[in-house]
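Visitor: can't give you the sequence, but here's the structure:
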Ligand code: BES
Ligand code: MN
Ligand code: ZN
């Protein structure tokens, strides 16, 4: 699907579907909408609004035949909801809905005008492009019969005002890049574990242009003292890979590290998961997919920031060499950990990755991980958990997340949450009891971060993979984190 902006009149466009938006309780049409209505012999004002009582409720649609009155074959009227409540996030959702609707009626060319929106055209362009590409995404490479036989060829934003048109173009360009990065992450996380192995993640990292990538192999991992990560990897026949990517511009304003949890399959290990919990565990590398995708997108934006992408990739399996409850592991910073539950493996792999990141002398570390079921219990599928040692950075990321269409909700890191992690035989255990599990996991990670580094932990367990479509109608892997992290890097 080609997404672009055209400096022209909407009603003159020849296309399969021409889209116009109507706010709730619109009585008289104006601007572009009015001119389309006039050309259609007041079909919209007289019939759709007055007779059929189309109220313009958010996401409601009405499809109209034009019978040759304008070059477009059909007009899709879409409800924008209440004018005061309309936001860029809602526009993104609408755009995805429009594309889904267009796919369902096998349209090839879609034209849309955003004439009378309240916010800046560059923002509109960005979110419309994002929404359209999100709506157009499907993971059907393994289906012999594809979901959408007819593809949308062109998705065109039409704007007659030249100044607005140029702003839209800037926005659309950025939106396309960000949406493509999301698809990159979603493709990786949707890929079954049999293919998306640690080796595959390492190969993906190696292929990214414009960055330096070093892969540490099994023996290196052991030699480097990553005893926690190494232990998790032992029960699997897949070789672990420690991936270090580095994007380094000549005079960086800041140095940051992004760490993604890269468990390519989490069976739970010897503390085996029940089948109902195991079934989506190919997505336990969603954090890694996000980091790989952000690293891959950097060269398109050329930010003046040094960015490290770090992934400790392995499987968590109950093979004959598997680590066992009761084992005592030594992490890279020499702290010791008693294994209480082999299913709390993510924090063990992240522990060593955090130590490694601190050694890179970065100013900030952000880790993103499908870490705890407790976070899913707390926040459901509507927000990711966020916590860390630097309130300013947490606040910034929450705000940027909100603007990006990704919601983060802060969870506490009170000292008391460490109580349950205390061990009789080692510096700590890897689990902290049943309650407050997302926070105790955060407290565990904190043990591996140097105090003078700003660190934020994102727990995306509930939002990385959706069984039911939400908001922009995303299903399956969501690519969560890509928008927030890219937008963050672009605002530093
Ligand atoms: N990968 C899981 C967390 C998870 C749960 C992700 C649900 C996505 C959806 C993680 O490794 C895990 O198993 N955590 C355990 C920790 C427990 C043993 C302390 C959990 O949350 O049950
Ligand atoms: Mn687990
Ligand atoms: Zn896991």
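Guide: On my side now, so go ahead. The shown structure was predicted, so the numbers you read here are calculated from the model rather than taken from an experiment. Residues are numbered from 1 along each chain as shown. Ligands and ions are numbered 1, 2, ... in the order given.
Visitor: hmm, residue 331 and residue 231 touching each other?
Guide: No. Using CB atoms under 8 Å as the test, residue 231 is too far from residue 331 to be in contact (9.8 Å). C-beta coordinates here come from the backbone N, C-alpha and C atoms, glycine included.
Visitor: domain ranges for this structure, per the record?
Guide: 2-160, 187-491 (automatic domain parsing).
Visitor: for this protein, which helix is longest?
Guide: helix 162-190 (DSSP state H).
Visitor: could you identify the helix or strand that succeeds the helix or strand that contains residue 89?
Guide: Using DSSP states H and E, residue 89 maps to helix 88-104. For helix 88-104, the following helix or strand on the C-terminal side (DSSP H and E) is strand 109-112.
Visitor: thinking again about what came up before, got the angle between the longest helix of the chain and helix 88-104?
Guide: Going by axes from the mean of the first three to the mean of the last three CA atoms, to 10 degrees, helix 162-190 is angled at 70 degrees with respect to helix 88-104.
Visitor: so is helix 162-190 next to ligand 1?
Guide: No. Contact of helix 162-190 with ligand 1 (CB under 6 Å from any ligand atom) is absent, the minimum separation being 11.4 Å.
Visitor: surely residue 255 is in a strand?
Guide: Yes. Judged by DSSP: H, G, I helix; E, B strand; the rest coil, residue 255 forms part of a strand.
Visitor: right, and it touches residue 357 too?
Guide: No. With contact defined as CB under 8 Å, residue 255 does not reach residue 357; the gap is 10.3 Å.
Visitor: more neighbours, the two?
Guide: Using other CB atoms under 10 Å as the criterion, residue 255 and residue 357 rank with residue 357 on top: 27 against 17.
Visitor: phi, psi of the more buried one?
Guide: Backbone torsions of residue 357, given as degrees, to the nearest 10, read phi -60, psi -40.
Visitor: pLDDT weak spots in this protein?
Guide: 115 (pLDDT under 70).
Visitor: for the residue of the stretch 301-450 of the chain found nearest ligand 1, which non-adjacent residue is closest in space?
Guide: In the stretch 301-450 of the chain, the residue that lies nearest ligand 1 is residue 373 (3.2 Å; CB to the nearest ligand atom). Spatial nearest neighbour of residue 373, chain neighbours left out: residue 461 (6.4 Å); criterion: CB to CB, 6 or more residues apart in numbering.
Visitor: my guess is the one you found is in a helix, correct?
Guide: No. Under the criterion used here (three-state DSSP), residue 461 is coil, not part of a helix.
Visitor: and stretch 348-362, how far out from the chain middle?
Guide: Mean-position distance between stretch 348-362 and its chain equals 23 Å (CA atoms, centre = their mean, to the nearest Å).
Visitor: buried residues in that stretch?
Guide: For stretch 348-362, the neighbour count (16 or more other CB atoms under 10 Å) marks 348-358, 360, 362 as buried.
Visitor: now stretch 75-94
Guide: 75-81, 86-94.
Visitor: what about residue 456, which helix or strand?
Guide: Residue 456 belongs to strand 454-459 when assigned by DSSP H and E.
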